[in-house]
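Chemist: show me how the following folds:
(2 chains)
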Amino acid sequence: MEILQSVRYSKGQFKIQQMVFVLVATMIFFGIVAVFYVSIRLGSIKGDVQDERQEAVIAQVRKMSGTPEFIWSAWEDCASCVDIDKVFLLKNRTSYQGFWKDVALLKLVRVYPRYQTSECTTVSYPRCNEITLIEKPGYQSYEAFVSLCRYDGAIEQSRCELGKVVIGFEGVEGAA
Amino acid sequence: MNKKGIEMAFSWIFAIIAGAVILFSAIYITTKMIGTERKVSDTLVAAELDNLLHPIETNLEDSKYVNIRFVDETRVFNNCSAKGVFGKQQISTASKLIGNDWGEQSVRKTSFNKYIFSRGVEEGKKIHAIVKPFEMPFKIADLTILYGGNYCFVNPPSDIEDEINDLSGDGVQDVGVNISTSLSACPQNAETVCFNMIGCDTNVNTLGSSSNIQGSISKDGETVYYYGGSLLLAAIFSDTEIYECQIKRLMSRAGELGAVYAKKATYLEGSGCSNNLVQDLQSFVVASAINNSHEFVQQVVNLANDLEERNGNIAKCKVF
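Modeler: I've put the predicted structure just below:
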């Protein structure tokens, strides 16, 4: 009882304490508002990045057959012809790792005729269905139909078959 | 002594100090946030610009022209680095703020398969882009030539004149390039480019014609070398430093593609199609390791022309 009696607050001290509480509450309120704003803004930026990557991949898939690494240049009048020999030889070139930025999937798929072996290897090529250059988990993919062309020694001329280029982009975590 | 007066004064002082701290913090945070928002928006502009350059890449076309318009007055920063296997291309933007100040430069958008030829900084609400394929002897890349402002070409060769006329649809579209027969007829604000004469901001020497056109270009006291119409235009519109860097990057890619074609030539030989190009392609790969445009013209051009001729003579199974 003696101790309690000895602790006395002046009116001024009480007012300061009151003001400090108000200030702390104000700061907490603004802090919460700021956190709310930042989380909404961050979500929108993630969405923008997702859209930007998607746009890039859609633009790329349309033009892939015209890139130097894919283009079939033996005939000058085929815009959608892909040199399948060249793409297969690119497969194990370490220098091309990371060349196609933001691309999580890049492969050529034979649509017709189909063979029994799925992924092309040095043993199975050219009687195989897929050449995968890049494959990372978590992608959203887009396709474009192309002609897969190569020189066929058996018929002693070039031949083209129906195929498609598949390109996927990495999704942004948490994006809408 | 008036105790009430002292108590009022203290609470006022406390409130004023706390209020000022809150007010200044709010102003500081808001200013920072506006800056960050502007940077985010400029970064998205840079990314969109990069994406915009994808669909205008060429397939079978000789060249393409597009006019890029920005909402605000914008600076486009072009950075080129030749380090690494393919080097890298980086673009970023900054937009004009209220008044005459410019916002902070955005985050750079990096790509390894683009080659943008321009000055270090292009400025304006409207930017011209010409895309031309570069073949040496096989397709190596598409060259994107970006430029703002106006240019005046004085006495260009007929091929260049025809190309500018084609891109502008015979004058229907403003491509930012005037053709003139004399320097005095050029508009005052235009950057002047003289062909086989001196006295302009950029002076071009040409030898040969059409696809074999070659020579040198002098600007800002420096000289660069070119071969072919694509590189001629690229050299005119870019800073010498950026031009040299992009040539080095292009040749690195040519070397990598040459190695792939050498393997393909070997594979075709195994499939019963004789081409005798393996050795030449391997020599081309070695020669493509250049340091500047002068070495490019001296080391690579003749080899590339020989390869083109020999590949053209193969009847059934062309390597490229």
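
Chemist: pLDDT value on the closest residue to chain A within the stretch 101-250 of chain B, please?
Modeler: Closest contact between the stretch 101-250 of chain B and chain A, by C-beta to the nearest C-beta, is at B:Lys139 (4.6 Å). C-beta here means a position set from N, CA and C on the backbone, and glycine is covered the same way. B:Lys139 is assigned a predicted lDDT (pLDDT) of 92.

Chemist: nearest residue to it in space, please, no chain neighbours.
Modeler: Excluding its sequence neighbours, the residue lying closest to B:Lys139 (C-beta to C-beta, 6 or more residues apart in numbering or on different chains) is A:Pro68, at 4.6 Å.

Chemist: the one you found contacts B:Leu257, doesn't it?
Modeler: Yes. A:Pro68 lies in contact with B:Leu257 (C-beta atoms under 8 Å); the separation is 5.8 Å.

Chemist: re earlier: tell me the contacts of the residue of the stretch 101-250 of chain B closest to chain A?
Modeler: A:68, A:71, A:73, B:133 (C-beta atoms under 8 Å, 6 or more residues apart in numbering or on different chains).

Chemist: with B:Gly120 instead?
Modeler: Going by C-beta under 8 Å, 6+ apart, B:Gly120 touches B:77-79, B:239, B:241-242.

Chemist: same question for the longest helix along chain A, mean pLDDT?
Modeler: Longest helix of chain A, by residue count under DSSP state H: helix A:11-63. Computed over helix A:11-63, the mean pLDDT rounds to 82.

Chemist: that one and chain B in contact?
Modeler: Yes. With C-beta under 8 Å from any C-beta of the partner chain as the criterion, chain B is reached by helix A:11-63 at A:11-12, A:15-16, A:19, A:23, A:26-27, A:30, A:34, A:45, A:48, A:52, A:55-56, A:59-60, A:62-63.

Chemist: who touches both of A:Pro68 and B:Leu257?
Modeler: Common neighbours of A:Pro68 and B:Leu257 (C-beta under 8 Å, 6+ apart) are B:138, B:140.

Chemist: quick revisit: are any of the residues of helix A:11-63 next to chain B buried, and which?
Modeler: Buried by 16 or more other C-beta atoms under 10 Å in any protein chain shown: A:23, A:48, A:52, A:55-56, A:59-60, A:62-63, out of the residues of helix A:11-63 next to chain B.

Chemist: give the contact list for the closest residue to B:Gly312 other than its chain neighbours.
Modeler: Among residues not flanking B:Gly312 along the chain, B:Lys318 sits closest, at 7.6 Å (C-beta to C-beta, 6+ apart). Residues counted as contacts of B:Lys318 (C-beta under 8 Å, 6+ apart) are A:73-74, B:311-312.

Chemist: cool, and A:Asp48?
Modeler: B:Leu44.

Chemist: distance check, it against B:Asp50.
Modeler: 14 Å (C-beta to C-beta, to the nearest Å).

Chemist: starting at the chain centroid, how far to whichever strand or helix holds B:Glu269?
Modeler: Using DSSP states H and E, B:Glu269 maps to helix B:240-270. Per C-alpha atoms, centre = their mean, to the nearest Å, the displacement of helix B:240-270 from the mean C-alpha position of its chain is 19 Å.

Chemist: in the following helix or strand past that helix, what counts as buried?
Modeler: On the C-terminal side of helix B:240-270, the nearest following helix or strand under DSSP H and E is helix B:278-287. Within helix B:278-287, the residues scored as buried using 16+ other C-beta under 10 Å are B:278, B:280-281, B:284-285, B:287.

Chemist: same check on stretch A:121-134?
Modeler: So for stretch A:121-134, counting by 16+ other C-beta under 10 Å, buried means A:125-126, A:128-129, A:131, A:133-134.
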